[in-house]
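**Q** I need the structure of the sequence given here:
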Amino acid sequence: MTDEAIVFKPTPPRPAPSARIGLLAWLRANLFGGWKDTIITLFLLGMLAAVVPRLFDWLVLDATFTGDAGSCRLNDGACWPFVVDKFNVLMMGVYPQDLAWRPAIAAVALIVLAGLTYTNRLRGFAVIAAWSVLPVFALIMIGGAFGMQDVDQSLWGGLMLSVLLALVGVIVSIPLGVILALGRFYGTPVVKSLCVAFIELLRGVPLITILFMASVMMPLFLPPEVVINNLLRIQIGLILFSAAYMAEVVRGGLQAIPPGQTEASLALGVSRTRTIAFVVVPQALRHVLPPLVGRCIALFKDTSLVIIVGLLDFLGMVKNAALDADWLGFQAEAYIFAAFVYWSICYGLSLYGRELERRGPSAHTA
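**A** The predicted structure follows:
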């Protein structure tokens, strides 16, 4: 007898158990992981089943999409012609309609710039250069430059004003917050004390109080020949308030950097200033990117408080539009539209923050 060679063939892989993959596994892991999760899931599903169909009927099936207020009152659903009729007011306030092309151009430029930044088409100093062009569009909106008609700040309002206050606040408060954080973390005792006093004072006072101080009290401390309009004063108050919170966020990132990073850079002969600017700060900002984006979102939502000091931002214009005698009774549509706009912008900022986290270090050097 001759021994035949024994050939071992690998066993073909078997599919994973159905209980561990697919929809059933996801439901079990996320919604029905235990008796408590099951009860909560069934309760929430019951609430959705009771609310969503009625809400959908009101928003879509029974809604009025064309016509006027009289047409809306004949139906039981939402009145979307109200939003269409008040759209320009909600977007730009009482900004002169014959000059509406100015904020329209600025809005298009901002959207294009935001899109290029989000898709990472701009890198390095190109990002800074592109965003530095925005003040030119601000001058176009304000007027008084390039031979254009001046538009008084009291005519500004709506979503345009909210975005302007938030955008300028973020662009200025982040660098200011970084400077304050560096002063508190690396500064001399005098500098550190000044930074701590500024940060804790601003963080210990409600934003409404700061807005009142900026609107009412600031002119009392200025020389008579120095006149700053109310919009600029409110903008300064928002910047200072946001910078105090940004400083604490950045300081948390500075504390997360191991001392070895600084020591290694100094050992290679890099100056202390360049070490902080090019080694420590970029890493610190990367560590605190989620709360930093969160502060930007919070600043945008905080702009709704400026109605208290006489500025009609987006939410203020929504409230005023709902009080129009021709459209009384349609407040719900106004606030639903405002909620959708706020959610869209805030969620977009959140997505951009997640995209920056996904890109990693290259996103911060780009």
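**Q** test my guess that Ser215 contacts Gly310.
**A** Yes. Counting by C-beta atoms under 8 Å, Ser215 does reach Gly310; the two are 7.0 Å apart. Heads up, the C-betas are built off the backbone N, CA and C, glycines and all.
**Q** of the two, which one has the most company?
**A** Between Ser215 and Gly310, counting by other C-beta atoms under 10 Å, Ser215 is the more crowded of the two (19 against 13).
**Q** common neighbours of Ser215 and Gly310, please.
**A** In terms of C-beta atoms under 8 Å, 6 or more residues apart in numbering, Ser215 and Gly310 are both contacted by the residues Asn230.
**Q** flag the shaky bits of the chain, pLDDT-wise.
**A** Within the chain, the stretches with pLDDT under 70 are 1-5, 7, 16-21, 124, 144-146, 360-366.
**Q** quick one, domains of this structure?
**A** Per the record, the chain has its domains at 18-61, 80-95+151-359, by the TED database.
**Q** nearest residue to the middle of the chain?
**A** The centroid of the chain falls nearest to Ile297 when counting by C-alpha atoms, centre = their mean (3.0 Å).
**Q** that one and Val280: what is the separation?
**A** From Ile297 across to Val280, the span is 26 Å (C-beta to C-beta, to the nearest Å).
**Q** whichever strand or helix holds Leu167: how far from the chain's middle?
**A** Element membership of Leu167, judged by DSSP states H and E, is helix 158-186. Remark: helix 158-186 is offset 12 Å from the chain centroid, using C-alpha atoms, centre = their mean, to the nearest Å.
**Q** go on, stretch 247-265?
**A** 26 Å.
**Q** can I get that stretch in PDB, CA atoms only?
**A** This file holds the C-alpha atoms of stretch 247-265, laid out as PDB (Å, rounded to 0.1, in the frame of the first residue of the first chain):
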ATOM      1  CA  ALA A 247     -10.300  81.700  26.200                       C
ATOM      2  CA  GLU A 248     -11.300  79.100  28.700                       C
ATOM      3  CA  VAL A 249     -12.000  76.500  25.900                       C
ATOM      4  CA  VAL A 250      -8.500  77.200  24.500                       C
ATOM      5  CA  ARG A 251      -6.900  77.100  27.900                       C
ATOM      6  CA  GLY A 252      -8.300  73.600  28.300                       C
ATOM      7  CA  GLY A 253      -6.500  72.600  25.100                       C
ATOM      8  CA  LEU A 254      -3.200  74.200  26.300                       C
ATOM      9  CA  GLN A 255      -3.400  72.100  29.500                       C
ATOM     10  CA  ALA A 256      -3.800  68.900  27.400                       C
ATOM     11  CA  ILE A 257      -0.500  69.400  25.600                       C
ATOM     12  CA  PRO A 258       2.300  67.300  27.200                       C
ATOM     13  CA  PRO A 259       5.200  69.500  28.500                       C
ATOM     14  CA  GLY A 260       7.600  67.300  26.400                       C
ATOM     15  CA  GLN A 261       6.200  68.900  23.200                       C
ATOM     16  CA  THR A 262       7.400  72.400  24.400                       C
ATOM     17  CA  GLU A 263      10.700  71.000  25.800                       C
ATOM     18  CA  ALA A 264      11.500  69.100  22.600                       C
ATOM     19  CA  SER A 265      10.900  72.200  20.500                       C
END
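**Q** who's in contact with that stretch?
**A** Here stretch 247-265 has contacts from 176-178, 180-182, 184-185, 195, 199, 203, 275-276, 279-281, 283-288, 291-292, 295, using C-beta under 8 Å, 6+ apart.
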